[in-house]
Structure formats: structure tokens, C-alpha cells
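Trainee: pasting the structure only:
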């Protein structure tokens, strides 16, 4: 195996010249907290060529030293077949393949999808010629672009100079992307706007958005796809953020990625791009913004607890604050190439959080000085987003944003386990009021309609404004409105009782303008009180009958299939009943992601108590709701579908309703 890996490395050297031909048994520096420049040069003596090359140019020498000093804190795949992952991205980026079809196609061709048994190699063993080429191209744009005149050397090093954005395989990308996008910039008028990096970002976004891009969270393997994302233009929010970084840095725009370790209302991290503006302020932007392009950071509307800016350099100050061996830190903070920018986004809503020691659980056995973690929810586990040490009678975390649920945890490095040592608590966004979820002795019955909040159901809002209509001519030239939807559906199936006396042969659901007529299921019932929905010939617009997204899906009896009209402003789904019938009831189900309670599925409810999620029992849903009895009040709850699906979110039960957090 050693011979095979060395051969792979030699092939990489021959093909791209990016990695020094070296024995893979050389020591890895990734377990060390700090690695000195002398140790780096000892492990890869060829890097001295870079320092010698720039010996007569002070700025380029400092830039080379910056990159070399931070080589130990970056690595990439050196030995792995990346073709399956790249093919998945290419297929998905065509727009003709869903993420699942793309993965299935790759599996049929290669036998697996993703990256099989990757071997990571430290950037210490990078080829010096590649570093020199990267430095020269970075300086070319920094010194040559009109918007770079106010870009400091420090910002240049962090946000223009780096040769990589993550753990992607490294190969040259600057010249190709520069030549692709620089002509767009050259065509701009030579006015004051051309001196503003934030304006150049809007031009780049306008150019990129002339072609479609595709979003999914389903094809990422944990290894970044690399600069090829500029061409494939499809992937996760991180992939698409990477795309913007490559383009911006290739033409000299100081750009990077700001990172939400965990969203405050969802079980996922999130990424946005930022640019250092001509006024010295930071602005955020995203490929997902279709209207305005660049925003002040204070306008970010995501729920978050902490936001970090990904950097190329190691945050030594953060490690010094941790003051422990690297292996004792939770993996989220080992080798932290990031800085806390929460206050940049939250401004006056950035709170210094203080948790009194009497909130610690007796079983935690904590001592003064112990390292503790501020955590946020990720399904039935917790994700650290900050750390601090227990001092005197307080645990203090600086620059926290409110509106989210936190919990304090302790990390056991030996067992690689995180244990919660407080009850979960919610911090109000505007007041810093802290509310603890401590299960009470008093109990109540809870009626549950879903396992995830509406933030995970982006389509249900489209039903508001939709109407149900009746007519006695096939073309619906004359119609009567039977019912208009005025509220967002809160459950799988909404029932509406009607009192109309008129009879109709033709009935339909018509989506509002802009809704794509999104609906999963529609039922019309006779006023005679029949329990089964009326049957007839399914009808709809000619352009609405397309495969699984057809208007026929609205009447197939399946709440997981939906009608999606090809245009935003059109679409309806109806039925020819064959004769005139008086309609007494309508039922409807919005297009959804299968997070509502569904009849026949088994559900289990959990209460968070004493650091654990404690089961309150299981039951099979007989309708689109489940009732659990004798549940402690003031608890943090989690409902899991044991039949299928893994998406679920914490909530509290208040006023007879689920309130997701």
C-alpha cells in the first residue's frame, strides 16, 4: 500500500505539480497545536525555495511567510478517486438530474458514490512552484485592480492570497477564473463605482445569475469539490459560497465565508459570503439573493447564536484562551481557522451571556477553571458554538445572539463525549431575558401535529390566497368561490365545512399568483355526508400534466406527492364530477417535506431532563395528530418519527400549541 500511495503522489506531481513527491509516512503536524516555521522547513526543505525566490521583495516575502506559517493547519485529499464525486456534481449542475438521480447514476457507474477511503495529506508537503505561482497571481490582482487600493496587506493575506478555501484537492485555478471574469469587469465604465469592492461583487453576481444554479444538501461528501464548482454551479450553500470565493479572489476582491455553526431554528449550519467594502465595513451576500445583492451585516435575518469568519490563518488567540492541549478541545475548535464576528452582525443585540453556577446540575461535579461549551440543538444532540472556563460563580460567554436555545456542556476527550451540565435555556433577542426549560412536577396532555417547525416547510405558505371554485361549464368561464385559504396550514389535512346550496359539476383548486399551484392533496365531499371524497375525471391545464408533478398528483391519495405547475402564475387542479353535486366539505394538504404527523406512522416523544433525552413512550398515529399524556410542563420536547425520516426539531408546548425553537 505504501508503494501504491507513493505512486499516486508522484502522479499528482507529474500532472499538476502541486504536491511534493514524498514518503507518506512522514509525520503529520495536524495533531500539534502550533508548528514553527523551522519545523515546517525541516519537514519540507523545498519550501526554502519560495523564501529565497522572494528574498528581494519584502511584501511578497511576508506573503510567502504567511502561507508557509499556516501550511500545518490545512490538508487535502491526496490519494482518492474523486471522479464519482465530481461526476455527481456535474450531473446535478446540468439541471436535468435531481440530487438523488445524480447519486444513483454515479453508483451505477462506479459502484459507490462520494470519495472512497480518502487519504489526507498536510499542506506542508505542497509544491513550492505552486505557491510561487499563486503568490504572483494574487499580487497581480491586488496591485492592479482599482478597487484594491484600500485593501490592507492583512486583508490581502486572509481574503485574496489563499490558494484554497477548504479541504479540496489543490490545483491551479486563479488564471483560468481570472480570464473568464476579468473581461466583464474591463467592460465597466471607469467611474467611482469601479473603486468599490462591494460594487464589483454585484457585477459578478449579476453575471453568475444569468445562468441557473442548483441547490441541494444531499450530494456533499464532506470533502470540498474545489474550483470546478464555478463551472458545475450546483451543490450545498457551502459549495455555492466556495464558488463566489473563487471568483472574487481570482479578480482581487477581498472576500470570504461567514459561518453559522448551527442555525437557531434548524438542524444545520449555514454559510454566507462577505466582502470588505470601500468604506472599511463588511457586507454579506449570497447567490440565493435574487433582488438586492450586497447587504449590511445587521440585516441578516437568520436565527443564530454565534457567527464565525473562516480565515486562512490559525486563530492563536482563541487557542490561548482555551489554554489546554489540542486533543482536550472539542473537535469543533481544534485548529480554529476562524474569528468570531457575531458582534459584526448582531450589533447592539450581541450579548455577554452570564450563567450563574447554581444553574449547574449537581451530577456534573465541575470544578473552578473547567472548560465548558455553549451548545445549540442539532436534532437529539448538541453542537458546541463557543467555549469558556468556569470562574468563581459564573460561566461567561461573550458576544452571543439571542432568540435561540442554548445549553452548557462539558467535553470528555477520552471518550469523545459531550455531556450537558445545565437545563436548556432560551435567551430573548431584545432583552437578554433567560428562560430555563426545567421539567416541572405538574403534567399536561400534549396534542402534536408535526415533528419540525414551518421553517422546514417552505412550500406551505404558497397555499395562502389559493381558492376552491365551482362551475357548471368545463372552461370555468363563470365560477363561484367555495372557499379561500387565508391562513398557513398547520396540519397535514385541513378540513373546511361548506354551507353552499348550489350544485356544481366542475370543481377545482386554483393557486394564487406566484404559488406554482403547490398542493399535495385535494378532496371534495358531497353535502350528503359521505365519508369518501367524490370521484370523477381529473382535469387541469394542458401544461400542468408532467410526470410526478402533474395536477393528477393532487388526487392520487398520497400526501407526499405534489402538483407543481411549470409557471409561477398559473395552475389549477380539478375534477369533472359527471353531474351536478352540492359540495359540503373540502380537505386539502399543502406541498410538504413529510414533517407533519401522518396516520399509520409510529411516533416517540422525548423530554430533555438531567442532561438526557428521556422517552415518554411511542404510539401509532391514527389521524394527523398524536396525543401524549402526562408530560411535564415547561419541558423542552422532541418528537421523532420511528417509521421513516430523521428531520425533527426541538419545541416547547405552550397555550395548547407546539412552538418550535
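Mentor: Received it, and whenever you're ready, just let me know what you need. Computed from a predicted model, the values in this text were never measured in an experiment.

Trainee: can you get me a residue count around residue 445?
Mentor: A count of neighbours around residue 445, defined by other Cβ atoms under 10 Å, yields 11. In this view, the C-beta of every residue, glycine as well, is placed from N, C-alpha and C.

Trainee: chain center to stretch 291-299: distance?
Mentor: 18 Å (Cα atoms, centre = their mean, to the nearest Å).

Trainee: cool, stretch 553-570 as well?
Mentor: Mean-position distance between stretch 553-570 and its chain equals 26 Å (Cα atoms, centre = their mean).

Trainee: could you do stretch 545-564 as well?
Mentor: That offset, for stretch 545-564, works out to 28 Å (Cα atoms, centre = their mean).

Trainee: once you drop chain neighbours, what's closest to the most centrally placed residue in the chain?
Mentor: By Cα atoms, centre = their mean, the mean C-alpha position of the chain lies nearest to residue 270, the distance being 3.7 Å. Closest residue to residue 270 in three dimensions, ignoring its sequence neighbours and counting by Cβ to Cβ, 6 or more residues apart in numbering: residue 260, at 4.3 Å.

Trainee: check which helices and strands the longest helix along the chain sits against.
Mentor: With secondary structure taken from DSSP state H, the chain has its longest helix at helix 128-144. Using 3 or more Cβ pairs under 8 Å, 6 or more residues apart in numbering; DSSP states H and E as the contact test, the elements touching helix 128-144 are helix 48-53, helix 58-69, helix 174-186.

Trainee: among these, show me which one is buried the most.
Mentor: helix 58-69 (a mean of 18; mean count of other Cβ atoms under 10 Å).

Trainee: residues making contact with that helix?
Mentor: The contact list for helix 58-69 (Cβ atoms under 8 Å, 6 or more residues apart in numbering) reads 37, 40-41, 47, 50-51, 53-55, 131, 134-136, 138-139, 153, 156-157, 161-163, 312-313.

Trainee: quick one: strands adjacent to whatever helix or strand comes next after that helix?
Mentor: As assigned by DSSP states H and E, the chain's next helix or strand after helix 58-69 is strand 75-79. Strands that pair with strand 75-79, judged by DSSP bridges, come out as strand 119-122 (antiparallel).

Trainee: buried set for the partner strand?
Mentor: 121, 122 (16 or more other Cβ atoms under 10 Å).

Trainee: what about it, average pLDDT?
Mentor: For strand 119-122, mean pLDDT rounds to 90.

Trainee: what separates that strand from the chain centre, distance-wise?
Mentor: Distance, centroid of strand 119-122 to centroid of chain: 26 Å (Cα atoms, centre = their mean).

Trainee: helices of the chain, residue ranges please.
Mentor: Going by DSSP H, the chain shows helices at 2-16, 37-43, 48-53, 58-69, 83-93, 99-110, 128-144, 153-159, 174-186, 197-208, 229-232, 237-250, 316-322, 342-346.

Trainee: quick one: which of those helices is nearest residue 280?
Mentor: Residue 280 lies closest, by Cβ to Cβ, to one member of the helices of the chain: helix 153-159, at 9.9 Å.

Trainee: shaky segments in the protein?
Mentor: 1-32, 79 (pLDDT under 70).

Trainee: any idea which strand is longest in it?
Mentor: Assignment by DSSP state E gives strand 572-589 as the longest strand of the chain.

Trainee: what pairs with it, and is each one parallel or antiparallel?
Mentor: Assessed with DSSP bridges, strand 572-589 is paired to strand 494-497 (antiparallel), strand 503-510 (antiparallel), strand 521-526 (antiparallel), strand 537-539 (antiparallel).
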